[in-house]
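Asker: sequence first, predicted model second:
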Amino acid sequence: MKTRFILTSRNLLTGLAAAVLMLTACSKDDDTPQATAPNNFEYQNFRQNQGLNLLGNAFITGDTLRLTKNDYYQESACWYGRSRVKVADGFETNFQFRISKRDTLFESVWNGTRWTKGPFLGYNGADGFTFVIQNAGVDSMGNYGYEKLGNSIAIEFDTFDNGATYGDPDGNHVSIHSMGTAPNTMNESASKNFGGPVRLGLKGFSDISDGKVYKVKITYQSAMLTVFMNDKEVHKAPNVDLNTLLKLTEGAAYVGFTSFTGAAYENHDIMSWSFKPLQK
Ligand SMILES: [Ca+2]
Ligand SMILES: [Ca+2]
């Protein structure tokens, strides 16, 4: 287990004595991917897991890429492992995600002898997932998936409010994080050059951990990075020059996902995924 200093759901909840939370697999498959061209691939589902590099606690279950299961202290990355893909001239990626079976919080009640499980307080769940472009390496993974992962840009779907210290506006937001070639961070200071976090509740998505399947499209064209959910634009960052920001290899990088859980958890699933280049 890595040393952890960051206020995540992991260490936050360890301090909550009054509210008690009641309540690895790593596979790798280097078979030929379902690619129609080196920069154009599509996974209609993940039943065959072809060409993915699964790191940490990511695994395939049925048709689904499960980045992290609903258990404590999971972390993962999953890269398209066949090759780097061209990103600098523009791309479009589409995927579906589902976040489900989050843990719940119950009040802790002292019965005169011991603490017991009290009334239901609400849903918890953590910590979300990211889509990442990185050229650190196909076997690279940071803490919490992308924390400390250098040479990367992460589009974060954040489901846990780590508080003002880390700049989270709530536990249901999308944000774009990069420190260029330096180590990335979940601190929202890394998103200030990309418009900061966007509260998804203000975009009509009140709870992305509700177990429903959501469709995401991310496009990069003419230096504009745009994020859509269910065909609705939810975030847009102009003046993103990936060639300048990151140290790419002939305009190409590795793409994929990261995720983590802590003292709160939920399933983070990717149901489908495609990637294709766009023209300038
Ligand atoms: Ca967070
Ligand atoms: Ca965040």
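Answerer: Thanks, I have the structure now. Ligands and ions are numbered 1, 2, ... in the order given.
Asker: okay, which residue of the protein is out on the far edge from center?
Answerer: residue 112 (43.0 Å; C-alpha atoms, centre = their mean).
Asker: and it, that's in a strand?
Answerer: No. With DSSP: H, G, I helix; E, B strand; the rest coil as the criterion, residue 112 is coil rather than part of a strand.
Asker: how close does residue 150 sit to ligand 2?
Answerer: Residue 150 sits at a distance of 19 Å from ligand 2 (criterion: C-beta to the ion, to the nearest Å). Using the backbone N, CA and C atoms, a C-beta is placed for each residue, glycine as well.
Asker: again with residue 200
Answerer: 11 Å.
Asker: just residue 202 next, same as before
Answerer: On the measure of C-beta to the ion, residue 202 and ligand 2 end up 15 Å apart.
Asker: on that earlier part again, for the residue farthest from the centre of the chain, give me the pLDDT.
Answerer: pLDDT recorded at residue 112 is 94.
Asker: with the one 5 residues further on instead?
Answerer: Note for residue 117: predicted pLDDT of 91.
Asker: what's the neighbour count on it?
Answerer: Neighbourhood size, residue 117 [other C-beta atoms under 10 Å]: 12.
Asker: repeat for residue 114
Answerer: When counting by other C-beta under 10 Å, one arrives at 8 neighbours for residue 114.
Asker: what's it sitting at in phi/psi?
Answerer: Main-chain dihedrals, residue 114, degrees, to the nearest 10: phi -160, psi 170.
Asker: now what about the regular element (helix or strand) spanning residue 235, what contacts it?
Answerer: Assessed by DSSP states H and E, residue 235 sits inside strand 232-237. Contacts with strand 232-237, where a contact means C-beta atoms under 8 Å, 6 or more residues apart in numbering, come from 155, 174-176, 194-195, 198, 200, 203-205, 224-228.
Asker: restricted to buried residues, select those residues in PyMOL.
Answerer: Entered in PyMOL, the line below selects the buried ones among the contacts of strand 232-237, by 16 or more other C-beta atoms under 10 Å:
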select buried, resi 155+174+175+176+194+198+200+203+205+225+226+227+228
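Asker: looking at the chain, which helix or strand does the model trust least?
Answerer: For the chain, the helix or strand with the lowest mean confidence is strand 35-37, at a mean of 47 (criterion: mean pLDDT, DSSP states H and E).
Asker: give the next helix or strand downstream of it.
Answerer: strand 40-43.
Asker: how close does the closest residue to residue 186 other than its chain neighbours get to ligand 1?
Answerer: Spatially, and ignoring its direct neighbours in sequence, residue 186 is nearest to residue 147 (5.2 Å; C-beta to C-beta, 6 or more residues apart in numbering). Taking C-beta to the ion as the measure, residue 147 falls 11 Å from ligand 1.
Asker: residue 128 now?
Answerer: Residue 128 is 7 Å from ligand 1, by C-beta to the ion.
Asker: report how many residues lie close to the closest residue to that residue other than its chain neighbours.
Answerer: Setting aside the residues directly before and after it, residue 128 is nearest to residue 159 in space (C-beta to C-beta, 6+ apart), at 4.0 Å. Residue 159: 26 surrounding residues under other C-beta under 10 Å.
Asker: follow-up on the earlier one: neighbouring contacts of whichever helix or strand comes after the strand holding residue 235?
Answerer: As assigned by DSSP H and E, the chain's next helix or strand after strand 232-237 is helix 242-245. Residues outside helix 242-245 that contact it (C-beta under 8 Å, 6+ apart): 87-88, 133, 153, 178, 180, 220, 248, 251, 253.
Asker: mind checking which of those are in strands?
Answerer: 133, 153, 178, 220, 253 (DSSP state E).
Asker: kind regards, and thank you for your time.
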